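A.B. asks: Here is a sequence together with a model predicted from it:
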Amino acid sequence: MSDSAFGIRLEILKMAKDIIDHDYFTLRDFEQRIWNTKADDARTKGEEIPPVTFTPYPSVDDIIAKAKELNRFISERQ
């Protein structure tokens, strides 16, 4: 039984990481496009190119929190 429970927890953790990755890289792509637009605009105007600032990658704690959220949803009995 413990192997099965471990396997389920591992799968939930993998799902959480996949969701976090998808959300992060979608946001990162959006931020990159905004920066590209601002940088192109600055080049056109002969201004200084703005610094690159991106949202940091989520922490392990963020992934674990998402896994706990998924586990609560999966574990609900209705």
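C.D. replies: That came through fine.
A.B. asks: Could you use CA atoms for every contact and neighbour count after this?
C.D. replies: Noted.
A.B. asks: most remote residue from this structure's center?
C.D. replies: The outermost residue of the chain relative to its centre, with distances by Cα atoms, centre = their mean, is Gly46 at 34.5 Å.
A.B. asks: where does it sit relative to Asn36, distance-wise?
C.D. replies: Per Cα to Cα, to the nearest Å, Gly46 is found 15 Å from Asn36.
A.B. asks: circling back to that earlier point, what residues are up against the residue farthest from the centre of the chain?
C.D. replies: Neighbour list for Gly46: empty [criterion: Cα atoms under 8 Å, 6 or more residues apart in numbering].
A.B. asks: Got phi/psi on it?
C.D. replies: In terms of degrees, to the nearest 10, the main-chain angles of Gly46 are phi 70, psi 20.
A.B. asks: separation between it and Thr37?
C.D. replies: Gly46 is 14 Å from Thr37, by Cα to Cα.
A.B. asks: Repeat that for Ser4.
C.D. replies: 50 Å.
A.B. asks: Just want to know which of the two has more residues nearby.
C.D. replies: Thr37 (12 against 9; other Cα atoms under 10 Å).
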